[in-house]
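Chemist: Everything below, folded, please.
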Amino acid sequence: MSDLANRFDQIYANGLWGKQLSSGPGSWHEPLVNAYVDTIGTFLESERLSGVCNAVDLGCGDFNIGSKIAPKCKSIMAMDISQKVIDYCRNSFIENGVTFICADARTFIPEKCDIVFIRQVFQHLSNSDIQRILSNLDGVSDFVAITEHIPSDKFVANLDIESGTPHTRLSLKSGVDITQKGFKHNLALYKETLNYYGFGGNIKTSVYQQK
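Modeler: Below is the predicted model of the structure:
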């Protein structure tokens, strides 16, 4: 087990995001959850992907949100670095077309799919680890939907943190923006689908398309 996997195992085991094996209030606050599920559903319908797409839920966490996206997809590979949360998901969800795997996105390259969901994952990782994941996603999918918790006002993007902290860059008045300097990838912004103001900032979902 890697050091980072152990860190996230401890976060889930000790309930550092609210309760044991929970991905935190951002994954359970009903208005936010509904807004995200609705905006993803609308996007999939607009691209004629609803019900027929193969997806990857990268950093799936407790899968509360993923379970609501699953009916809109043909298949989902739900992956997380924490074996503890993957074991929880396997015991808690029996969804047609959903496969749970424990994998480190810094080294694991998913199979070709239509869309990758990355929801509030990068905010807990260092810039170098984010870059490793972005590099691994090169050519994997047609679309990548990234959600990040960023300050509501102007901010300095991408101040670095140590990977595996339960906190985000909000305490530094920063947030992750892969369009700013510091990251190299082949993703172009396709559409901003959601800005949800709450939890001390803006929870923003942007969909990117492979160049």
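
Chemist: Run through who's touching the longest strand seen in the chain.
Modeler: Secondary structure of the chain per DSSP state E: the longest strand is strand 187-198. Residues outside strand 187-198 that contact it (CB atoms under 8 Å, 6 or more residues apart in numbering) are 29, 31-32, 35-36, 39-40, 42-43, 134, 137, 143-145, 147, 152, 178-179, 202-211. All C-beta atoms are positioned from the backbone trio N, CA, C, and that covers glycine.

Chemist: Now, these that are in helices?
Modeler: Among the contacts of strand 187-198, DSSP state H puts 31-32, 35-36, 39-40, 42-43, 134 in helices.

Chemist: okay, those in TSV with distance to Ile118, pLDDT and neighbour count next?
Modeler: Formatted as TSV, these follow (distance: CB to CB, whole Å; pLDDT from 0 to 100; neighbours: other CB atoms under 10 Å):
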residue	distance to Ile118	pLDDT	neighbour count
Pro31	21	97	9
Leu32	16	97	18
Ala35	17	98	18
Tyr36	13	98	25
Thr39	15	98	20
Ile40	12	98	26
Thr42	19	98	13
Phe43	14	98	21
Leu134	10	98	21
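
Chemist: would you turn the residues you listed into a markdown table with distance to Ala13?
Modeler: Converted to a markdown table, those look like this (distance: CB to CB, whole Å):
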| residue | distance to Ala13 |
| --- | --- |
| Pro31 | 28 |
| Leu32 | 25 |
| Ala35 | 30 |
| Tyr36 | 26 |
| Thr39 | 32 |
| Ile40 | 29 |
| Thr42 | 36 |
| Phe43 | 34 |
| Leu134 | 29 |
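
Chemist: Closest one of those to Gly61?
Modeler: Proximity of the ones in helices among the contacts of strand 187-198 to Gly61 (CB to CB) peaks at Tyr36, which lies at 13.1 Å.

Chemist: tell me the contacts of that closest one?
Modeler: Contacts of Tyr36 (CB under 8 Å, 6+ apart): 65, 119, 147, 194, 196, 205.

Chemist: Among these, which one lies nearest to Gln10?
Modeler: Gln10 has its nearest neighbour among these in Arg119, at 21.0 Å by CB to CB.

Chemist: ok, what's across the strand from the closest one?
Modeler: Thr147 (DSSP bridges).
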